[in-house]
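S.K.: got a sequence here, can you build the structure:
(one chain, ligands or ions: 1)
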Amino acid sequence: MSSEPAPVAAATPPAQSVEPPVKGASGGEAPEHRALVLTSFGGYEKVKVQARRSGSPRPGELSVRVRACGLNFADVMVRQGLYDRLPSPPFCPGMECAGTVCAVGEEVRDRQVGDKVMILARTGLWQEVVNVPAMQTFLMPEGMSFEEAAALPVNYITAYMILFDFGNLRPNQSVLIHMAAGGVGNAAIQLCKTVENVTIFGTASASKHDSLKESGVAHPIDYRTVDYAEEVRKISPKGVDIVMDPLGGSDTSKAFHLLKPMGKVITYGVANLITGQKKNLMAMAKTWWNQFSINAIQLLHHNKAVCGYHLGYMDEEYELITGVVLKLINLYNQGKIKPKIDSVWSFDQVADAMKHMQEKKNVGKVILVPEVPKEESKKAEN
Ligand SMILES: NC(=O)c1ccc[n+]([C@@H]2O[C@H](COP(=O)([O-])OP(=O)(O)OC[C@H]3O[C@@H](n4cnc5c(N)ncnc54)[C@H](OP(=O)(O)O)[C@@H]3O)[C@@H](O)[C@H]2O)c1
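M.R.: Take a look at the predicted model:
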C-alpha cells in the first residue's frame, strides 16, 4: 500500500485583502475560527492552521461560513513570494471559496442569511469564516456543490475571458492548451467544446492523456518527453489559431511561432518559475532572459496578436467579472460546463495538497475544506 498522504475525498480577482474585524455582534470579543496562514515565504510547511477572530460584517459586507476553497497554482507562487500585490506575511491566502451567508451588513440589499455563494478575492479566503464585500460574491446555482462552486471562479473566468474575449474563438478553429489537465486547462477544454468543431491540442504529463481524450482533447502531447511545438506542426503544419500560454519564458516565443496568420497568443502565467518548494533564482533568471519581446512593426508584419491576461489586476472590474460569471452560471445550468474535482483535502492537509499539485499529480481542481467532511470522520472512527 502507498504511504502517500491521501486527500479526504477523491474525486488566478477583483477585490481587496479580507481582514476580519475582531469585535463580535454583541460588541464583545468575536468567536475564534480556523484559518490557513502563510507565516513566511518558502516551502510547504509555511502555511499553517491558526485561530483567527471574525466580527460582524461592515456596511456592504457579508459574513460567510466557508465550506470549500480553491487551491490555485498562483497560491504556490504566493507561498514562494513570487506573486505581487499581496500583504507581507503573516496573512491568510486564498482567492476563491464557497459557503453560506451567516450575517449581512448594513446596505446589502441582494443577499440574505442562508444564501449559498461563491466568492472571488485577491486574498484572505482560506478561513472558516470570511467577511467580504457583497459585490465579490455570486449566488450559487441550484444543484451546484460547494466544491464545484469553489472550483469555478478563478479557473472558469480566466479560461472564458482568454478564449472568448481575447481569443474570439469561432467554429472550426484550433487551440493549444498548456497544463490542459489542470484547473484552468479543464475549464478551457469544456469551454472550447461549447463551440462547433474546435480542435484541441493539450499538453500534460503522459498519465493524464486518457482523461484528456475523454474530455475532448484531440491531440494530447507529453511535453516532458517530446518537443510539443514539433508535435503540433506534424499534425497541423500551419499551426493553431489560439495558444493559451500559462508558462512564460521561451514558451511564449514558441507559442507566437505556432500561430497561424490572424492567430492569438494569450499569456497568463509564468509556471516556468516553479521548479521546487522554494523560489529558484536560476529559473527566475532563465525565464526573464528568455522573455518574449516584439515591437509594433514586427507584429504588423506577422498578422498575429499577443495578449496578456491577469485576473488579479481586475480588482475594480466588478461589472465585467459579474457579466462573465453570469454567462458561466448559464452554461453550468445548461450542463455545458462542470468543474472537474481532482481531490478534496482538509485545512490540516494543506501542505500535502500543495505538494500533490506541485508534483504534477492533479487532474482537475484541488479543493481545501476547513474540516474533515463528516462522512470521512465517521469512516475514520469505525
Ligand atoms: N492570469 C490569471 O489571471 C490566471 C488565473 C488562473 C490561473 N493562471 C495560471 O494558469 C496556470 C494553471 O493554473 P491552475 O491553477 O489551473 O493550475 P493547474 O494546472 O491545476 O496546476 C498544476 C499542474 O500544472 C502542470 N505544471 C506545468 N508546469 C508545472 C510546474 N512548473 N510545476 C508544477 N506543475 C506544473 C502539472 O500538470 P502537467 O504536468 O500534467 O501539465 C500540474 O499538475 C498557472 O500558470 C496559473 O498561474 C493565471
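S.K.: and the residue of the stretch 201-350 of the chain found nearest the ligand, what pLDDT?
M.R.: With C-beta to the nearest ligand atom as the measure, Gly269 is the residue of the stretch 201-350 of the chain nearest to the ligand, at 2.7 Å. C-beta: built from backbone N, CA, C; applies to glycine. For Gly269, the pLDDT comes out at 98.
S.K.: that one in helix, strand or coil?
M.R.: At Gly269 the chain is in coil, as set by DSSP: H, G, I helix; E, B strand; the rest coil.
S.K.: for it, which non-adjacent residue is spatially closest?
M.R.: Of all residues not flanking Gly269 in the chain, Pro246 sits nearest, at 3.4 Å (C-beta to C-beta, 6 or more residues apart in numbering).
S.K.: what is the neighbour count of Gly183?
M.R.: Neighbour count of Gly183, defined by other C-beta atoms under 10 Å: 29.
S.K.: my bad, should have said Lys327
M.R.: Neighbours around Lys327, by other C-beta under 10 Å: 14.
S.K.: over to Gly308?
M.R.: With other C-beta under 10 Å as criterion, Gly308 counts 12.
S.K.: same deal with Asn362?
M.R.: 23.
S.K.: look at it and give its secondary structure.
M.R.: Going by three-state DSSP: Asn362 is coil.
S.K.: need the three-state assignment for the closest residue to it other than its chain neighbours.
M.R.: Take Asn362 and drop its neighbours on the chain: the residue closest to it by C-beta to C-beta, 6+ apart is Asp342, 4.2 Å away. Classification of Asp342 using three-state DSSP returns strand.
S.K.: Asp342 is in contact with Ala353, isn't it?
M.R.: No - counting by C-beta atoms under 8 Å, Asp342 sits too far from Ala353 to count as a contact (9.8 Å).
S.K.: joint contacts of the two?
M.R.: Counting by C-beta atoms under 8 Å, 6 or more residues apart in numbering, the shared contacts of Asp342 and Ala353 are Val366.
S.K.: is Ile32 in a bridge, and if so with what?
M.R.: Not Ile; residue 32 is Glu. Arg53 (DSSP bridges).
S.K.: how many other residues sit next to it?
M.R.: By other C-beta under 10 Å, neighbour count at Glu32 equals 13.
S.K.: would you check how far apart it and Gly124 are?
M.R.: Going from Glu32 to Gly124 by C-beta to C-beta, to the nearest Å gives 16 Å.
S.K.: swap in Thr267?
M.R.: According to C-beta to C-beta, Thr267 and Gly124 sit 27 Å apart.
S.K.: perfect, I'm done here.
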